[in-house]
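Colleague: Coordinates for the following, if possible.
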Amino acid sequence: MKLHERFFKVQMASAELSKAFLNIIKENELTDGEALKIVAEFSSSWVHGVAKNMVRKERHGDEDKEGDLE
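Modeller: Numbers count the residues shown, from 1 in each chain. Reported below is the predicted structural model:
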């Protein structure tokens with residue numbers, strides 16, 4: 001079985017992000033709840049942005065045109 005060429009880049013990025021986030025948690029003495037709140041807020045904001053651009057592209061074929069405009 002051959003792995004996709006980006007597999008290892010994604011694995012490395014994930015490990016780096018995890019390490020950075022754990023360092024932030026430790027340095028700021030965050031509780032699990034506080035850390036989870038940060039992850040949830042970041043994830044929600046990112047997903048919203050991706051979905052917004054998808055709607056724009058689906059409706060207009062252009063990510064720069066607002067989705068609700070004609």
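
Colleague: buried stuff in the longest helix belonging to the chain?
Modeller: When the chain is parsed with DSSP state H, its longest helix is helix 32-60. When burial is assessed from 16 or more other Cβ atoms under 10 Å, helix 32-60 yields the following buried residues: R56. Placement of C-beta: from N, CA and C, glycine included.

Colleague: pLDDT averaged over it - what is it?
Modeller: Average pLDDT, helix 32-60: 92.

Colleague: could you say what helices and strands it packs with?
Modeller: The contact analysis (3 or more Cβ pairs under 8 Å, 6 or more residues apart in numbering; DSSP states H and E) places helix 32-60 against helix 7-27.

Colleague: for the helix it packs on, packing partners?
Modeller: In terms of contacts (3+ Cβ pairs under 8 Å, 6+ apart), helix 7-27 is packed against helix 32-60.

Colleague: could you give the angle of the helix it packs on to helix 7-27?
Modeller: 140 degrees (axes from the mean of the first three to the mean of the last three Cα atoms, to 10 degrees).

Colleague: how distant is helix 32-60 from the center of its chain?
Modeller: Its chain's C-alpha centre and that of helix 32-60 lie 7 Å apart, by Cα atoms, centre = their mean, to the nearest Å.

Colleague: cool, and stretch 17-36?
Modeller: Stretch 17-36 sits 17 Å away from the centroid of its parent chain (Cα atoms, centre = their mean).

Colleague: got the end-to-end distance for it?
Modeller: Start-to-end span of stretch 17-36 (Cα to Cα, to the nearest Å) is 15 Å.

Colleague: which outside residues touch that stretch?
Modeller: Residues from elsewhere that reach stretch 17-36 (Cβ atoms under 8 Å, 6 or more residues apart in numbering): I38, V39.

Colleague: Domains in the protein, by residue range?
Modeller: Domain assignment for the chain, taken from automatic domain parsing, gives 1-30, 31-70.

Colleague: ok, now how distant is F8 from A35?
Modeller: Per Cβ to Cβ, to the nearest Å, F8 is found 27 Å from A35.
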